[in-house]
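Asker: Predicted model and sequence below, questions to follow.
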Amino acid sequence: MAVREVLKMGHPTLRVKAEPVSAEEIQSREFKDLIQDMFETMQEEDGIGIAAPQIGVSKQVAIVGVPKDNPRYPDVPEDEEEDDFDILIVINPKVTVLDKTPSGFWEGCLSVPGLRGYVERPSKIKVEFTNPLGETEVLEVSGFGATVFQHELDHLDGVLYVDRVADTTKLSYMDEFMEFHDTDIEDEE
Ligand code: ZN
């Protein structure tokens, strides 16, 4: 197991649709190792989510941190952050929008280091996916959790959050973000 290199924006693997994972593959040693590497890489990089294409594997699997209660991530003391997230392993996801009302958050991405951008996404979604045991799960998520999910699942379609920044005056380097834009919500995925 190892911390893997995170591909950066511009790498073509980040821009293709990832392949579905077969039931046999989910049971394989190689796939378990992949998930372990994704975990270790996400932790090393301090992310709350990571998708397989970000470490160069074009497969439909992502790790997603979903806030347990409310989306007020910055209000959570740093040493309690991890307890506030449910970490899910999501394979072959299908998303249905339940509420199109846009919900906006400042997003970051391990593949786009040093930047933050304001993105509006549907505020409530349903996600149907396979878990690492090969079982089907259905989850409804809203608010910040819905954003984290959509950000990670976009990676499986070759989409980066910067593609969804509608107002590019709200795309900022980190220092400038802290100085001029930091309001109440940010995230790092
Ligand atoms: Zn990302």
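Answerer: All right, it came through fine.
Asker: Where in this protein is the helix or strand with the lowest mean pLDDT?
Answerer: Lowest by mean pLDDT, DSSP states H and E among the helices and strands of the chain is strand 61-67, with a mean of 92.
Asker: C-terminal to that one, what's the next element?
Answerer: Moving toward the C-terminus from strand 61-67, the next helix or strand (DSSP states H and E) is strand 85-109.
Asker: List the buried residues in that next one.
Answerer: 85, 88-93, 95, 103, 105-109 (16 or more other Cβ atoms under 10 Å). The way it works is simple: take the backbone N, C-alpha and C, and place the C-beta from them, glycine included.
Asker: Check whether stretch 13-20 comes near the ion.
Answerer: No. Counting by Cβ under 5 Å from the ion, the ion is not contacted by stretch 13-20; separation bottoms out at 8.9 Å.
Asker: measure that stretch end to end?
Answerer: Chord length of stretch 13-20, first to last residue, is 15 Å (Cα to Cα, to the nearest Å).
Asker: contact partners of it?
Answerer: 7, 51-54, 56, 58-61, 92, 111, 155-158, 160 (Cβ atoms under 8 Å, 6 or more residues apart in numbering).
Asker: switch the cut-off to 10 Å
Answerer: 6-9, 25, 51-62, 91-92, 109, 111-112, 130, 155-160, 163 (Cβ atoms under 10 Å, 6 or more residues apart in numbering).
Asker: Next up, the contacts around the closest residue to the ion within the chain.
Answerer: Among the residues of the chain, residue 109 lies closest to the ion, at 3.2 Å counting by Cβ to the ion. Each residue near residue 109 by Cβ under 10 Å, 6+ apart is listed here: 6, 8-9, 14, 47, 49-51, 54, 115-117, 151-152, 154-155, 160-162, 187-189.
Asker: Now, these that are in strands?
Answerer: Counting by DSSP state E, the part of the contacts of residue 109 found in strands is 49-51, 115-117.
Asker: Cross-check those against the ion and keep the overlap.
Answerer: Among the ones in strands among the contacts of residue 109, not one lies near the ion by Cβ under 5 Å from the ion.
Asker: how about JSON lines for these, with pLDDT added?
Answerer: Listed next are the ones in strands among the contacts of residue 109 as JSON lines, based on pLDDT from 0 to 100:
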{"residue": "49", "pLDDT": "95"}
{"residue": "50", "pLDDT": "98"}
{"residue": "51", "pLDDT": "98"}
{"residue": "115", "pLDDT": "97"}
{"residue": "116", "pLDDT": "96"}
{"residue": "117", "pLDDT": "97"}
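Asker: Great, nothing more from me.
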